[in-house]
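Trainee: sequence unavailable; structure follows:
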């Protein structure tokens, strides 16, 4: 999708990515707009789907998570139905943090968060290998990871 965004829109996006708790007054000052104009632009960016919801980062341990893994999944067949069925199934699992549909040797990479290795084993057996469209899985434990909270602005010069 192509949006018609100007310099001010990009400045708004850069600022809210860095601090989603910024007040409209603070954001307006940062981008050089009147608060009412800034609010109108933010509302337009939300309506157009450019700007989504903000979420808080929570310590995994506070949620009972002590282990994370990546599960690579290969499907038996690559029909649109099988791909969609697996996609929807994976997203329905409470342990799933992210789903990636891939090209190459694997069809999906699924980021999961679990209590421990027994929970991971049960999830792999019950939620992945038991699926009729799944041919094979390969699980890799995550020792550590980092996620950048800000997307790069590749439209900026």
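Mentor: That came in fine, so what should we check first? From a predicted model like this one, the values you see are computed outputs, not experimental measurements. Residues are numbered from 1 along each chain as shown.
Trainee: give me the domain ranges for this protein.
Mentor: 7-47, 60-142 (automatic domain parsing).
Trainee: end to end, how far does the longest one reach?
Mentor: Same thing as domain 60-142. 13 Å (CA to CA, to the nearest Å).
Trainee: and if you look at the shortest one?
Mentor: The straight-line separation of the ends of domain 7-47 (CA to CA) is 19 Å.
Trainee: one step back: adding mean neighbour count and distance to residue 148, write the domains of the chain out as JSON lines.
Mentor: (Glycine included, C-beta is placed from N, CA and C.) Shown next, in JSON lines, are those (neighbours: other CB atoms under 10 Å; distance: least, CB to CB, whole Å):
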{"stretch": "domain 7-47", "mean neighbour count": "15", "distance to residue 148": "10"}
{"stretch": "domain 60-142", "mean neighbour count": "15", "distance to residue 148": "14"}
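Trainee: of all those, which lies closest to residue 152?
Mentor: When the domains of the chain are compared by CB to CB, domain 7-47 sits nearest residue 152, at 9.9 Å.
Trainee: so where's the protein shaky on pLDDT?
Mentor: For the chain, the stretches flagged by pLDDT under 70 are 1, 156-157.
Trainee: ok, what's across the strand from residue 73?
Mentor: Applying DSSP bridges to residue 73 gives these bridge partners: residue 108, residue 137.
Trainee: what's the separation between it and residue 98?
Mentor: 13 Å (CB to CB, to the nearest Å).
Trainee: residue 78: what's its closest spatial neighbour, skipping adjacent residues?
Mentor: Excluding the flanking residues, the one nearest residue 78 by CB to CB, 6 or more residues apart in numbering is residue 107, at 7.1 Å.
Trainee: residue contacts, the residue most central in space within the chain?
Mentor: Taking CA atoms, centre = their mean, the centroid of the chain lies closest to residue 98, which sits 5.7 Å from it. The contact partners of residue 98, taken as CB atoms under 8 Å, 6 or more residues apart in numbering, are 110, 111.
Trainee: give me that answer again for 10 Å
Mentor: 70, 90, 91, 109, 110, 111, 112, 113, 147 (CB atoms under 10 Å, 6 or more residues apart in numbering).
Trainee: alright, that wraps it up for me.
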